[in-house]
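*Asks:* sequence and computational prediction follow.
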Amino acid sequence: MRKLSKYEKETIINWNEGETIASIYTFNASLKRRLADFSRKYPLLCRLERSTPEGSVTYVLDKSRLSIRLVPPYSEERLAAAREYAKEHGFQVIQTEEKIA
């Protein structure tokens, strides 16, 4: 068994209009943890179908339990408000320095 590159460690969501279930195949550690927690809490809605020695898992779940959230970029006003909030509440501002060639 060879080690997979990050490029090869993909997440695939299979969803079609003709079925009530969706399939999620993933190597992503955070998503695997979230799916495992969800399947323990709601075994009738989500179940582990397969796991591989390489580290992938495939879960099958009810389509009504899955959503995709698209997050737009913050506006300049929202960024300014977040900076001001951080200053007022003592959060440390981390600044990145440009590398000098």
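*Replies:* Everything's here; your move.
*Asks:* got the phi and psi for residue 71?
*Replies:* The phi/psi pair for residue 71 (degrees, to the nearest 10) reads phi -110, psi 120.
*Asks:* residues touching it, list them.
*Replies:* Applying C-beta atoms under 8 Å, 6 or more residues apart in numbering, we find residue 71 in contact with no residue. Placement of C-beta: from N, CA and C, glycine included.
*Asks:* centroid residue for the chain?
*Replies:* In the chain, the C-alpha nearest the mean C-alpha coordinate belongs to residue 31, at 5.1 Å (C-alpha atoms, centre = their mean).
*Asks:* give the contact list for that one.
*Replies:* 11, 24 are the contacts of residue 31 under C-beta under 8 Å, 6+ apart.
*Asks:* which helix or which strand is home to it?
*Replies:* In the assignment (DSSP states H and E), residue 31 maps to helix 29-41.
*Asks:* which parts of that helix are buried?
*Replies:* For helix 29-41, the neighbour count (16 or more other C-beta atoms under 10 Å) marks 32, 35, 39 as buried.
*Asks:* could you do stretch 8-17 as well?
*Replies:* Under 16+ other C-beta under 10 Å, stretch 8-17 has no buried positions.
*Asks:* which other residues reach it?
*Replies:* 22-28, 31, 55-56, 63, 66.
*Asks:* from those, which two are the most distant?
*Replies:* 55 and 63 (25.5 Å; C-beta to C-beta).
*Asks:* quick one: the residue nearest to the centre of the chain from residue 72, how far?
*Replies:* From residue 31 over to residue 72 the distance is 22 Å, taken as C-beta to C-beta, to the nearest Å.
*Asks:* what about stretch 12-20, distance to the chain center?
*Replies:* 18 Å (C-alpha atoms, centre = their mean, to the nearest Å).
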